[in-house]
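Asker: need a structure here:
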Amino acid sequence: MRGTQVAALRDGVPAGLPDALDVVAGFDEALVRGFARVGEQDAAALAALAGALAGTPLGDPVAEAAGKVTAGSVTADHLAVLAGARSALLGAAHDALLGQLDAALGRDRSPWPVTDPAGTPAGPEPAAGPAAGARAWLHEVAVTGWRGVDHDVLTAAGTPIETALAVPGLRRLAVLLDGLAAELRASVPVGTMPQVPARRWADLWARGMLLTQAAPPAAPGTVAVSGRLLPLGVDLHEHDTAVQAQVHAVLEPADGGPPRLVRTTVGAAKVDTIVGPAVWGLLRACPVLLTALAQRRAVTVTDVPLHGGDLLWDDGRARLGEPADPFATARVLLGPATAAPTAPLDRHPVAIAEPVLVEGRVVRDDAGPLTVDLDGHPVAVDTARLPAGGPLTPDLV
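Answerer: Residues are numbered from 1 along each chain as shown. Okay, here's the model as predicted:
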């Protein structure tokens, strides 16, 4: 990354981005108070959400849902539409920011495959009972509002979470609800909190509502790939109830095609007492991947499914290769590597995580945050976000 690229990122905000985020913030504040009684401010927020989607395929259903909720008719179907509208706005924000980044870096990105919905086989329907139970609990939360959440509301989450965990297709939903319920339980009484994490909880609520709906059509573009995988780095995500390691890497296809920027994610459930380096023991089902990361080695993969830019990791289809320095990989391959598109449901500004190479620059620490000087353009390094389970510390950085 060069100073001119940093300048290109800072020169301007994508058109419409502040307005879109303001609309989302208005909806999130309405969710704090709940939809049991929609006041003037919350009615305006719902109208703004509907207005932002006007002229799109979601325009009519969102306008209808906003009107019904404002009038006091709050059904789970109406809330699912509003969750979809909120997610669509944040998806557009994601695309604008990622496009700005790609333009600054000169990074090529493949488009998401577009297919005819009428000719695409539908995915399997989720089990009606577990999905319906989770949807009913999320409906209750939205009506109550975050300020009204109490122990009775949280107790009601237990059964939907347990039943969803028993259905493999709903495991993602179950883990999300379990994490949300745990955060709410730790915050009760929410009504006395000086500030509610409205954006985060609304993100989780909206994703949960979408995951309780019928499965989307089978995703296009999933192919089996083989080649040499060269890890660049790992983003470790930890929560009281789950941990996942997201590995960013360059894939050199065995067929001699151009290098591709990919990532692969492995995760496991956990309890809150397992913290720090001990979380890696939860991922021992992937010894080849973990050894490659620890020893900085390449991995040869054979017929591993690739969905967009996500490799669906299978340790049995991987074998350790030769040593591979991630910085050498980045110098040679990161620039020409083609980036992958983001799956539609995963489009969210907070999910943008792109590897870049920064080297040969001055790092300053003037009794404040670490700063990398790129040709006179300072870039702050957020060492506070370093995971406790990783080897890096602020001093090492």
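
Asker: need the longest strand for the protein.
Answerer: strand 222-238 (DSSP state E).

Asker: strand partners of the following helix or strand past that one, parallel vs antiparallel please.
Answerer: Going down the chain from strand 222-238, the next helix or strand is strand 242-253, by DSSP states H and E. Here strand 242-253 has these sheet partners by DSSP bridges: strand 222-238 (antiparallel), strand 260-269 (antiparallel).

Asker: So which bits of the longest one are buried?
Answerer: Right, strand 222-238. By 16 or more other C-beta atoms under 10 Å, the buried positions in strand 222-238 come out as 225, 227-232, 234-236, 238. C-beta coordinates here come from the backbone N, C-alpha and C atoms, glycine included.

Asker: what stretches of the chain score poorly on pLDDT?
Answerer: 1, 3, 115-128, 214-221, 365-367 (pLDDT under 70).

Asker: Go ahead and flag the most central residue of this protein.
Answerer: Nearest to the mean C-alpha position of the chain, by C-alpha atoms, centre = their mean, lies A351 at 4.0 Å.

Asker: Surely P369 touches V381?
Answerer: Yes: counting by C-beta atoms under 8 Å, P369 touches V381, with 6.8 Å between them.

Asker: Could you verify my assumption that P160 touches H139?
Answerer: No: between P160 and H139 there is no contact under C-beta under 8 Å: 11.1 Å.

Asker: More neighbours: the two, which one.
Answerer: P160 (26 against 20; other C-beta atoms under 10 Å).

Asker: surely A85 meets E64?
Answerer: No: applying C-beta under 8 Å, one finds A85 not in contact with E64, separated by 11.3 Å.

Asker: The two: which is more packed in?
Answerer: Legend: neighbour count by other C-beta under 10 Å for A85 and E64, higher for A85 (27 against 13).

Asker: Next up, the contacts around that one.
Answerer: 49-50, 52-53, 58, 62, 65 (C-beta atoms under 8 Å, 6 or more residues apart in numbering).

Asker: dump the residue contacts of D382.
Answerer: P369 are the contacts of D382 under C-beta under 8 Å, 6+ apart.

Asker: ok, so what distance separates it from L97?
Answerer: Here the criterion is C-beta to C-beta, to the nearest Å. By it, D382 lies 17 Å from L97.

Asker: What is the neighbour count of the residue lying closest to M193 once chain neighbours are set aside?
Answerer: Excluding the flanking residues, the one nearest M193 by C-beta to C-beta, 6 or more residues apart in numbering is S187, at 6.0 Å. Other residues lying near S187 total 16 when counted by other C-beta under 10 Å.

Asker: ok, now V38?
Answerer: V38, neighbours per other C-beta under 10 Å, totals 20.

Asker: now swap in the one 10 residues further on and tell me
Answerer: Burial measure for A48: 16 neighbouring residues, criterion other C-beta under 10 Å.

Asker: What segments of this protein are strands?
Answerer: Under DSSP E, the chain gives strands at 222-238, 242-253, 260-269, 297-307, 310-311, 318-323, 362-364, 370-374, 377-381.

Asker: Which of those sits closest to V149?
Answerer: strand 242-253 (21.3 Å; C-beta to C-beta).

Asker: For the closest one, buried residues please.
Answerer: 242-252.

Asker: what does stretch 370-390 give?
Answerer: Those would be 371-372, 374, 377, 379, 381, 386-387, 389-390, for stretch 370-390 by 16+ other C-beta under 10 Å.

Asker: For this protein, which segments count as helices?
Answerer: Remark: helices assigned in the chain by DSSP state H are 3-10, 17-33, 40-53, 59-70, 76-105, 128-144, 151-155, 158-165, 171-187, 198-211, 287-295, 326-329.

Asker: Format the strands paired with strand 242-253 as a markdown table; extra columns: distance to A80.
Answerer: What follows is the strands paired with strand 242-253, written out as a markdown table (distance: least, C-beta to C-beta, whole Å):
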| stretch | distance to A80 |
| --- | --- |
| strand 222-238 | 26 |
| strand 260-269 | 26 |
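
Asker: And stretch 299-319, what's buried?
Answerer: 299-301, 304, 306, 308-311, 313-314, 317-318.

Asker: measure it end to end?
Answerer: 6 Å (C-alpha to C-alpha, to the nearest Å).

Asker: and it, how far from the chain's centre?
Answerer: From the chain centre to the centre of stretch 299-319 is a distance of 21 Å (C-alpha atoms, centre = their mean, to the nearest Å).

Asker: which one is E322 nearest to, not counting chain neighbours?
Answerer: A298 (5.7 Å).

Asker: Can you give me the neighbour number for that neighbour?
Answerer: Residues near A298, counting by other C-beta under 10 Å: 20.

Asker: rewinding a little: could I get the strands of the chain as JSON lines with distance to A174?
Answerer: As requested, the strands of the chain are exported to JSON lines (distance: least, C-beta to C-beta, whole Å):
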{"stretch": "strand 222-238", "distance to A174": "17"}
{"stretch": "strand 242-253", "distance to A174": "11"}
{"stretch": "strand 260-269", "distance to A174": "10"}
{"stretch": "strand 297-307", "distance to A174": "21"}
{"stretch": "strand 310-311", "distance to A174": "21"}
{"stretch": "strand 318-323", "distance to A174": "28"}
{"stretch": "strand 362-364", "distance to A174": "43"}
{"stretch": "strand 370-374", "distance to A174": "39"}
{"stretch": "strand 377-381", "distance to A174": "36"}
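
Asker: Among those strands, which comes closest to V74?
Answerer: Of all the strands of the chain, strand 242-253 sits nearest to V74, with 30.4 Å by C-beta to C-beta.

Asker: Pick the one among the buried residues of strand 242-253 closest to D178.
Answerer: Distances from D178 to these, taken by C-beta to C-beta, are shortest for A242, at 8.2 Å.

Asker: Perfect, that will be all.
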